[in-house]
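In: would you be able to build a 3D model of this:
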Amino acid sequence: QVQLVESGGGLVQAGGSLRLSCAASGGTFTSYAVGWFRQAPGKEREFVGVISWNIGITYYADSVKGRFTISSDNAKNTVYLQMNSLKPEDTAFYYCAARRGSARRNRDEYDYWGQGTQVTVSS
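Out: Below you'll find the predicted structure:
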C-alpha cells in the first residue's frame, strides 16, 4: 500500500520561503508521477505542480511558475516543493499525490494522497 506523508508546512511572512516534503513508502516510485495540490478555505483543491519521478520533468500552475520548484530524491523516496517569494494568496492546505504513469494536472487522476500540511503566509 502506497503511503505519502507531507511535512514542512508552517507560518511564514510574505516574501519568505518554505520547503515541503512528501515522503513515499510502499512501492517503487520510479514509474510514478507525484503532484502537489492545495486547497484554501471555501475553494476547490487546485493543481500546483507535478514531477515525473523517473525522468524529472516538471509542470507548474501559472500562479506559482517561477516561484515554486519541485524536485525528487530517489534515494530517500521523497519529493520536495520549494516555495519562494510566498504571497498571502499561497495560504492553503498543501497535499502531495501520486499516480502510476505520466504527469497529470487533474486531481481526479491521482490514486494516492497524503494527509496534507498547512501553509500560512502573513502579509
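
In: might one say that I57 is in contact with S72?
Out: No - using Cβ atoms under 8 Å, I57 is not in contact with S72, being 10.9 Å away. Yep, even glycine has a C-beta here, placed from its N, CA and C like the rest.

In: when the two are compared, which one has more neighbours?
Out: Neighbour totals were compared for I57 and S72, and S72 leads with 22 against 12 (other Cβ atoms under 10 Å).

In: surely that one is in a strand?
Out: Yes - under DSSP: H, G, I helix; E, B strand; the rest coil, S72 falls within a strand.

In: need the overlap of contacts for I57 and S72.
Out: Common neighbours of I57 and S72 (criterion: Cβ atoms under 8 Å, 6 or more residues apart in numbering): I51.

In: the protein: strands as residue ranges?
Out: Counting by DSSP state E, the chain has these strands, from start to end: 3-7, 10-13, 18-25, 32-39, 46-52, 58-60, 68-73, 78-83, 92-100, 112-113, 117-122.

In: mean neighbour count, those strands: which tops it?
Out: Highest mean neighbour count of these: strand 32-39, a mean of 24 (counted as mean count of other Cβ atoms under 10 Å).

In: pLDDT value on the residue positioned nearest the centre of the chain, please?
Out: When Cα atoms, centre = their mean is applied to the chain, the residue found nearest the centroid is W36 (2.6 Å). With respect to pLDDT, W36 scores 98.

In: got it, and G27?
Out: 80.

In: what does G8 give?
Out: With respect to pLDDT, G8 scores 98.

In: then S31?
Out: What the model reports for S31 is a pLDDT of 87.

In: ok, it to S52 distance?
Out: 9 Å (Cβ to Cβ, to the nearest Å).

In: got it, and S63?
Out: Taken as Cβ to Cβ, the span from S63 to S52 is 21 Å.

In: what's near enough to touch P88?
Out: Residues near P88 by Cβ under 8 Å, 6+ apart: A14, V121, S122, S123.

In: try 10 Å
Out: By Cβ atoms under 10 Å, 6 or more residues apart in numbering, the contact set of P88 is Q13, A14, T120, V121, S122, S123.
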